[in-house]
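Engineer: quick one: sequence and predicted model below, then my questions.
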Amino acid sequence: MPTVLVTGGNGYIGSHTVISLFENGYDVVIADNLSNSKMEVQNRLEKITGKRFKFYNVDCCDTDALRKVFEENKIDSIIHFAGLKAVGESVRMPLEYYSNNIGSMISVCKLMTEFGVNKLVFSSSATVYGESEDVPFTEESPLGMCTNPYGWTKWMLEQILRDYAKATPEKKICLLRYFNPVGAHESGLIGEDPRGIPNNLFPYISKVAAGTLDCLTIFGDDYNTPDGTCIRDYIHVVDLAKGHVKAIEFLDKTEDPICLFNLGTGHGTSVKEAIKAFEKACGHEINHVIGPRRPGDIAVSFASTEKAEKLLGFKAEYGIDEMCSTCWKWQTMNPDGLKD
Ligand code: WQD
């Protein structure tokens, strides 16, 4: 049974991916410093899978501490999720974002070299496409100017990994560009659990639906889109998780040192449509007002899914209704998130 090291495996996308890997016959070792996740996730993963995963409370920037994970386990491949991801916070704390996101990746790569681990999947983001109006984004779309340090860390890490792959042809590296991951596991036991007031649309809507927050502000309804609100490619986190298993399988057979895939549905949903879908899922209206545009937002973003379909055999199965219903189930089962 090949062992996958999942850094940030306690987080939102990481924890769903751990389940998918387990369901597909992989053994999993998790390294996470709990900076944006709770230890309770491990209990939830055990409830869902019946298995207690090996867990290391370690900061991936600390190469010596992370080395222990490689010494104690025969790692076959790595999925690197660990990183800071709040756009607004990255504008306030750029140095933390650059040192943490880049430092942890370099530390992981050094250990890959040291221990002869040859397969790596990296969490990148559609944010690297910048403000282009040429949608859908294909993997060949030009990289744009990012609007915040978080986005730049993804952009820079893609380049660092291209250089690393070029210098070490025995390594196989897969960059996955996520669109907007939402939803939760169907059990309602794990889901997105942001600390404090959420910044992203779905966690915010679910708090308004639950009555924890009063009102959602739609950031602008004067965009050049059919209903005036921004369009995004929301992808169910369980679909996204399955995409990682496909990526690991692909690395087993590809000859190329580096490959790159969008993970989205290929389908755009406006903010107003997302609210409507959520209202259907929770059974009541969501209080909302129209506010000004949020700086840095682009009007339309959705993926071309052709390459992932053709080469990975990946196609998202869930639509916006399942994204909303699972998000709502998670919210109602865990109104205050998970305990620390
Ligand atoms: C979606 C839409 C908002 C909140 C961000 C990162 C990206 C990726 C995913 C993550 C936009 C609108 C939102 C609200 C609103 N990274 N909105 N009212 O900005 O597409 O992508 O998250 O880790 O890199 O940039 O996602 O969920 O913030 O916004 O109207 O209170 O909802 O304007 O159109 P975004 P989002």
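Structural biologist: Received the coordinates, thanks.
Engineer: residue 211 versus the closest residue to residue 16 other than its chain neighbours, what's the distance?
Structural biologist: Excluding the flanking residues, the one nearest residue 16 by CB to CB, 6 or more residues apart in numbering is residue 241, at 4.0 Å. (Each C-beta comes from the backbone N, C-alpha and C, glycine too.) Taking CB to CB, to the nearest Å as the measure, residue 241 and residue 211 are separated by 30 Å.
Engineer: more neighbours, these two?
Structural biologist: Remark: of residue 241 and residue 211, residue 241 carries more neighbours, 22 against 10, as counted by other CB atoms under 10 Å.
Engineer: secondary structure element for the more buried one?
Structural biologist: Counting by DSSP states H and E, the element that carries residue 241 is helix 237-253.
Engineer: show the contacting residues for residue 236.
Structural biologist: With contacts taken as CB atoms under 8 Å, 6 or more residues apart in numbering, residue 236 has the following neighbours: 181, 182, 183, 316, 317, 318, 322, 323, 326.
Engineer: state the pLDDT value of it.
Structural biologist: According to the predicted model, the pLDDT of residue 236 comes to 99.
Engineer: ok, now residue 326?
Structural biologist: pLDDT, the model's per-residue confidence, is 98 for residue 326.
Engineer: could you export the helix or strand hosting it as CSV, CA atoms only?
Structural biologist: When secondary structure is defined using DSSP H and E, the element that contains residue 326 is helix 320-333. Extracted in CSV, the C-alpha atoms of helix 320-333 (Å, rounded to 0.1, in the frame of the first residue of the first chain):
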residue,chain,number,x,y,z
ILE,A,320,-24.2,23.7,-7.1
ASP,A,321,-27.2,22.1,-5.3
GLU,A,322,-25.0,19.4,-3.7
MET,A,323,-22.4,22.0,-2.8
CYS,A,324,-25.0,24.0,-0.9
SER,A,325,-26.8,21.1,0.7
THR,A,326,-23.5,19.6,2.1
CYS,A,327,-22.3,23.0,3.2
TRP,A,328,-25.6,23.5,5.0
LYS,A,329,-25.5,20.0,6.6
TRP,A,330,-22.0,20.7,7.9
GLN,A,331,-23.1,24.1,9.2
THR,A,332,-26.2,22.8,11.0
MET,A,333,-24.3,19.8,12.5
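Engineer: now do the buried residues in that helix.
Structural biologist: Within helix 320-333, the residues scored as buried using 16 or more other CB atoms under 10 Å are 320, 322, 323, 324, 325, 326, 327, 328, 329, 330, 331.
Engineer: mind listing the strands for the stretch 101-250 of the chain?
Structural biologist: Secondary structure of the stretch 101-250 of the chain (DSSP state E, counting those that start in this stretch): strands located at 119-125, 172-178, 180-182, 216-219, 231-232, 234-236.
Engineer: out of those strands, which is closest to residue 141?
Structural biologist: When the strands of the stretch 101-250 of the chain are compared by CB to CB, strand 172-178 sits nearest residue 141, at 10.0 Å.
Engineer: is there proximity between that closest one and the ligand?
Structural biologist: No - in terms of CB under 6 Å from any ligand atom, no part of strand 172-178 sits within range of the ligand; the closest distance is 6.9 Å.
Engineer: just stretch 209-225 next, same as before
Structural biologist: Yes - contact of stretch 209-225 with the ligand (CB under 6 Å from any ligand atom) involves 216, 217, 218, 219.
Engineer: quick one: contacts of that stretch?
Structural biologist: The contact list for stretch 209-225, computed with CB under 8 Å, 6+ apart, reads 197, 204-205, 207-208, 227-231, 270-272, 275, 278-279, 282, 284, 286-294, 297, 299-300, 328, 331-332, 335.
Engineer: intersect these with the contacts of the ligand.
Structural biologist: Subset of the contacts of stretch 209-225 in contact with the ligand: 204, 230, 271, 294, 297, counting by CB under 6 Å from any ligand atom.
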